[in-house]
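Participant: Provided below for reference: sequence and predicted model.
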Amino acid sequence: MTSLSSPSPEMVGLPLSEAKGSFQERGALGTRCSGSTMTHQDQIALYRLLAQALAYPDKRFVRRLQEAVGQIRLDMWSDQRLPLGPLMQELGKLAHVPLDQVQGEYTRLFVNAYPHVPCPPYESAYIEGELLGQAAEEIDGLYRQWGLVVDGEAVDHAGAELEFMAFLLALDTPESLAAAADFLSGHVLPWLPRFAVDVERESRLGFYRAVGRLLAALLHEPFTANHKEVVGST
């Protein structure tokens, strides 16, 4: 099995290129949304960017984000429904913010704060009110079905779930696309939109507010409908 890196605190994104090939090597099956076409490559790039943004910030955090932004097609920047511009502006500012300040805000938002953590980045926490609940057990089983392993409580971390979506889309088979649609409806959509709103509302750092806005936009119906349309056409 391929061991996937943990989203906390060392997570830098699941190694899709090592597991099954990078999305650049795959064909794109796109569907038309109102005003623009979002391909699988676009979805993969955005999922991976957001997964990186929800990783614990280390010395290479900004650099990795810049590399992830570089994978986004130019056409996507003109789609007014995706607030990519504000995220890019905040990423530019982030390069000048002391690392310990960014790490402190990450910890306050996602790891440890009094009297409670504002945005625990785990499906089990949002759905069941506890860590490593039934959702985590189910997701761990899904990962293993596809030859993937995530250690410990990171199994249902927001970053791991977004990377898993990218992984399934990158495989670009009828089975993986069907699995992506099921994972989206069964695990991602029941909690990540609410998490995104909480991140935008609770963050004291503009960068994380921009991350919350982009995540909420990407999980909005016009974009998530793409998965169902593509699966239905296979």
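Facilitator: Structure's in. What do you need? None of these values were measured; they are calculated from a predicted model.
Participant: any idea how far Gly85 is from Arg144?
Facilitator: 39 Å (Cβ to Cβ, to the nearest Å). Glycine gets a C-beta too; all of them are placed from N, C-alpha and C.
Participant: using CSV, write out every CA atom in stretch 122-137.
Facilitator: This file holds the C-alpha atoms of stretch 122-137, laid out as CSV (Å, rounded to 0.1, in the frame of the first residue of the first chain):
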residue,chain,number,x,y,z
TYR,A,122,-12.0,16.5,10.9
GLU,A,123,-15.2,15.0,9.5
SER,A,124,-15.8,13.1,12.7
ALA,A,125,-15.6,16.2,14.8
TYR,A,126,-18.2,18.0,12.7
ILE,A,127,-20.5,15.1,12.1
GLU,A,128,-20.2,13.2,15.4
GLY,A,129,-18.6,15.6,17.8
GLU,A,130,-15.6,13.5,18.5
LEU,A,131,-12.3,12.5,16.8
LEU,A,132,-11.8,9.2,15.1
GLY,A,133,-15.5,8.4,15.0
GLN,A,134,-17.4,6.2,12.6
ALA,A,135,-16.7,8.5,9.7
ALA,A,136,-13.0,8.1,10.2
GLU,A,137,-13.3,4.3,10.2
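Participant: C-terminal to the helix or strand that contains Glu137, what's the next element?
Facilitator: Following DSSP states H and E, one finds Glu137 within helix 134-145. Once the chain leaves helix 134-145, the next helix or strand it forms, by DSSP H and E, is strand 148-150.
Participant: sort out which residues of that next one are buried, please.
Facilitator: Within strand 148-150, the residues scored as buried using 16 or more other Cβ atoms under 10 Å are 148, 150.
Participant: average pLDDT for that strand, rounded please.
Facilitator: Strand 148-150 carries an average pLDDT of 88.
Participant: what's that strand packed up against?
Facilitator: Contacts defined by 3 or more Cβ pairs under 8 Å, 6 or more residues apart in numbering; DSSP states H and E place strand 148-150 against strand 2-4, helix 134-145, helix 158-171.
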